[in-house]
Each structure stands twice: as structure tokens, then as C-alpha cells.
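Novice: just the structure for this:
(one chain, ligands or ions: 1)
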Amino acid sequence: MAIVIQQHTALSEHTTLKTGGAARYMVEVLSLEDLREVADFIVKEKLEYLVFGGGSNIFVGEVGFSGVVIKMMNKGIVYEEKETGEVKVKVASGEWLDKVVEKTVTDGIFGLENLSAIPGTVGATPVQNVGAYGMEVKDLITEVEAFHLPTKKVRVFSNEECKFGYRDSFFKTKVGSEYIILAVNFLCNKKFTARIAYGDLEKRFITEAPTALRVREALIEIRGKKFPDWKVLGTAGSFFKNPIIPRTEGQALRARYEDLPIYDVSADMVKVPLGYILDKVCNLKGFRSGNVGLYEEQALVLVNYGGATPTEIISFVEEIKSRVFTKTGIMIEPEVRFI
Ligand code: EPU
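Specialist: Residues are numbered from 1 along each chain as shown. Here you go, the predicted model:
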């Protein structure tokens, strides 16, 4: 066997939240052949499995995971240029997203720049339809290539078949989780179109003309201020989703908090920024209990200041949920995946 099956691997060392129990087994996958071997092992031993990319959007509980953690580390970036100037960028799922953004921008291939400085691998992006600064990966994804673990067959999903929603996709469903993402195709372009109509970003380019490189640099700076460095502090980015609520409720909240931003979702529903609610409505920005807190610069970001146990984080999360509910009547849900 080419693959190495590690046992009792501490998941706190494989997640950016830096907490959680151990995995019974962990396998690092470099190729499709490796994945087929892992599939044989899983089927033979009747084990559950879990796919890890960068471990940047995951919360692992005290008991860890009794099955196999599959860590995707397959690499490769291929450009396919069309006469129209469009470029199909095929990226292996184990590639680090920000490295791909940096490479494409440097190579004069545009589209991914608004996703600068997001921690995580490319394979994770379609699963939760990663988004930032006015775009979501669904806007660029043309196909997703995935391995069906029970049958060991490779299937290509069209954008439509991925059933993308806000931080949601087919791959989050029960059937969808049978698929392990191998590669993602993004449709980029040699021509740069600036997408800067987003709060923080817009302000940067009032006097300066945006280029992809400048957008990337601006975002690295903006994110650097709002998010703690996961190499230093435990974090998983936004810990909760921005709630989608009835328009009437959004308007009622807006009547009390005039500067509350409201984003349209449908005729009846709107999305409101939970960061704002935690900060301005609940006064919880920087709120800390023991080793866990909401970040001083961005209230939506939960921080493990060092040594926080999963139990400590769960009780902190419950406290936040109940305070938000008491103040606003809104039930919030985590954005990170709970194991
Ligand atoms: N706000 C506050 N106080 C705070 C935080 C935010 O008043 O402590 C206000 C901001 O001023 C702004 C609004 O709330 O008016 C929204 O904040 P921000 O622009 O920082 O974005 P967000 O809604 O908190 C979302 C995504 C992020 C993504 C950013 C930027 C979710 C759950 N989060 O955050 O994605 O980077 O927009 O586009 O949708 C992630 O999913 O892990 C993530 C980091």
C-alpha cells in the first residue's frame, strides 16, 4: 500500500481553531490512486470518513472522530485558454486557495482576486460556497470533479448540479457527502473586471483605479486587520452564518439601528450581518469568557486565546446564541462544521 494510515491523530493540530479530540485514523491523500486505496480500507473496515482540507472551517468536539479523516493534499493548477480571453483554471482540491489566487493574479488571469487571504484549500470552496467581498465561488465555478467513495467512480458536476446557496451546496447533503472533491474548474479571464462595490473595498478605490494586484493587496490588508492570524490564535473565520430573516423583521431592526446594513435575498427575505448585531445590538464585540472570546476587531469571529477546550467553546457558543435570541428573537446557526 502506498498510503500511510496514521492512528490517533490529534485534530487540534489539523484545525485552525486548535482544539478538539483525536481521529482514530488519518490518511494524507496525494492522488486518485491514494483515494481508491483509502476507499478500500474504509469499505473493508466499515468506517465513517470525513474530508479535511485546511481544517479552517471545522470545530471538533472533545471525543474527536472514530473513523478516517481524509486529508486532501493533491496538487496541480492547469490553465486552458480560449480565444475569447476566457481561461479555465483547473485546480486540484488540495491546493491552498490563497496560493492559487496569488498565482493567477501574477499570471494575469483574473476572477479570483476577491478571495485573497482566505485560509483553506480549493476543495473546500464548493462545499460551503465560500464567499467574500461581493462574490461567491459559485460565480466562477463551471465544474467540480468528485470521487464517489461507495462506487469509486469519478463524476463531473456542472455548476447547476452543485446546487449552490449561501454557504451551502449539494456536497453538504447526505448523498453529497459521499463525494470527495478532486478538482474545481474556475472560469477566469485575461481581462480584469473590478468587483469593488463592497463596503470596505469601495472606500479604498475612490481616488485610485483598481488593478487585480491592488485589490488583492487591499484585501490582504483589510482581512489582516479584521481576522486574527490563525497561525497565532485559534480561529475559524466567521463562526456563525449571517441570519436570513423575514424582510419585516429586518426593517423593524433597521428602525432601531439606522446604520444596520440589509442585503436582499428574495422578495420576502433579507440577510443581516450578525457581526453588526453582536457588536452594536448585543455589545458583545471583544466579549471574553476564559480562553474563548469574540474578536475585538470583528465580533463574528470566535477566538481560542489558547488552550480552550471544545466544551468551553460549546458553552460559550450557547451563551452567545441565547443572548442574541433574547435581544433580537433571531436564532443563529454556526457557519463552521461541527464534528
Ligand atoms: N460589523 C460590525 N461590527 C463587527 C463586525 C461587523 O458593525 O464587529 C458590521 C460591518 O461594519 C459591516 C457588516 O457588519 O457593515 C458586515 O461585516 P463584514 O463586512 O466584516 O462581513 P461579515 O458579514 O461579518 C462576511 C462573511 C465573511 C467574509 C466577509 C467579507 C459570512 C458568515 N461571513 O462577513 O466570510 O470574509 O463577509 O466579505 O457570510 C467566513 O465565511 O468564514 C468568512 C470569513
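Novice: in which helix or strand does Pro126 reside?
Specialist: Using DSSP states H and E, Pro126 falls within helix 124-127.
Novice: quick one: contacts of that helix?
Specialist: The contact list for helix 124-127 (CB atoms under 8 Å, 6 or more residues apart in numbering) reads 53-54, 56-57, 97, 115, 130, 137-138, 141, 144, 162, 164, 169, 171-172, 181, 184. From N, CA and C alone the C-beta is placed, and that goes for glycine too.
Novice: so which elements touch the lowest-mean-pLDDT helix or strand in the chain?
Specialist: Between all helices and strands in the chain, the lowest mean by mean pLDDT, DSSP states H and E belongs to helix 199-204, at a mean of 87. Secondary-structure packing of helix 199-204 (3 or more CB pairs under 8 Å, 6 or more residues apart in numbering; DSSP states H and E): helix 212-226.
Novice: by contact count, what packs against the helix it packs on?
Specialist: helix 97-106, helix 199-204.
Novice: same thing but 10 Å
Specialist: Taking 3 or more CB pairs under 10 Å, 6 or more residues apart in numbering; DSSP states H and E as contact, the helices and strands that helix 212-226 lies on are helix 97-106, strand 131-132, helix 199-204.
Novice: now the second one: how far from the chain's centre is it?
Specialist: Using CA atoms, centre = their mean, to the nearest Å, we find the averaged C-alpha position of strand 131-132 to lie 8 Å away from the chain's own average C-alpha position.
Novice: given that strand, what are its sheet partners and their directions?
Specialist: strand 135-136 (antiparallel) (DSSP bridges).
Novice: Glu335 versus the residue nearest the centre of the chain, what's the distance?
Specialist: In the chain, the centroid-proximal residue (CA atoms, centre = their mean) is Val130; its distance is 4.9 Å. As for Val130, its distance to Glu335 is 11 Å (criterion: CB to CB, to the nearest Å).
Novice: any shared contact partners between these two?
Specialist: Taking CB atoms under 10 Å, 6 or more residues apart in numbering as the contact rule, Val130 and Glu335 both touch 57, 167, 237.
Novice: three-state assignment of Lys280?
Specialist: Following DSSP: H, G, I helix; E, B strand; the rest coil, Lys280 is assigned to helix.
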